[in-house]
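1. Sharing a sequence plus its predicted fold:
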Amino acid sequence: MNIRGKEQVAGRAAVGARVRATGRATAVRVAEVRAAVERVWRCLARPEQWPPYRVVGESLLALLLGLIALGMEKISDSGDVRTWLVTAAVVVLVPLRRALPGTVLILAAALSWPCAGMMVLLIVAGWSAGRRIAGSARALAVFAVALVVSTVVPVVQDLPWCRRRS
């Protein structure tokens with residue numbers, strides 16, 4: 001084998017080592033992502049939190065609130081795409097309020113002014129968040145943030161540079 005051939009073989013070996021290292025790094029990243037997803041899933045879907053009767057109840061509540069949100073969005077004449085997006089968001093956020101009560105409450109408070117269909121979720125999220133948020137100080141902080149967000153959103157929308165020009 002000549003010198004050029006040895007360089008090519010060494011180059012291929014180096015490329016192969018890089019590919020194997022990249023493959024291992026990718027496998028490590030995939031494993032880390034999988035572990036993170038499993039941690040989130042365990043947090044959201046704890047078995048003691050979701051007995052069969054609760055799954056049925058939450059499904060019916062999500063369906064009912066989704067239908068109410070659909071009707072409210074249709075009445076407010078906000079367009080088909082937005083109507084279905086708000087309805088889907090309500091249906092997804094209703095069961096999430098059990099695992100993430102503060103987050104869902106703040107999201108519902110922020111979206112309840114521009115999206116009429118979120119009002120029903122705001123009522124249910126506010127009702128259930130009070131007992132699900134651990135600690136009275138944390139609950140007070142979450143409700144205060146929700147109040148501020150639900151007050152600031154309409155004020156910002158009414159500012160002259162935020163109004164839609166027709």
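-> It's in.
2. and the next element down the chain from the least confident helix or strand in the chain by mean pLDDT?
-> Every helix and strand of the chain was ranked by mean pLDDT, DSSP states H and E. The lowest is helix 3-44, at a mean of 66. Next in sequence after helix 3-44, counting helices and strands by DSSP states H and E, comes helix 52-75.
3. In contact with Val145, which residues are there?
-> Counting by C-beta atoms under 8 Å, 6 or more residues apart in numbering, Val145 makes contact with Ile106. For glycine as for every other residue, the C-beta is placed from the backbone atoms N, C-alpha and C.
4. Could you check how far it is from Thr103?
-> Distance, Val145 to Thr103, by C-beta to C-beta, to the nearest Å: 10 Å.
5. Glu58 too?
-> 17 Å.
6. same deal with Ala88?
-> From Ala88 to Thr103 the distance is 17 Å (C-beta to C-beta).
7. model confidence over the host helix or strand of Val149, on average?
-> For Val149, the host element (DSSP H and E) is helix 136-157. Taken as a whole, helix 136-157 has an average pLDDT of 91.
8. For that helix, buried residues please.
-> Within helix 136-157, the residues that count as buried by 16 or more other C-beta atoms under 10 Å are 139, 142-143, 146, 149-150, 153.
9. Can you tell me which of those residues lies closest to Gly79?
-> Nearest to Gly79, judged by C-beta to C-beta, of the buried residues of helix 136-157 is Val153 at 19.2 Å.
10. you'd agree that closest one is up against Ala110?
-> Yes - Val153 is within contact range of Ala110, at 5.8 Å (criterion: C-beta atoms under 8 Å).
11. Distance of Trp41 relative to Arg34?
-> With distances taken as C-beta to C-beta, Trp41 is found 10 Å from Arg34.
12. do Val91 as well
-> Val91 is 27 Å from Arg34, by C-beta to C-beta.
13. Check Val55 too.
-> On the measure of C-beta to C-beta, Val55 and Arg34 end up 25 Å apart.
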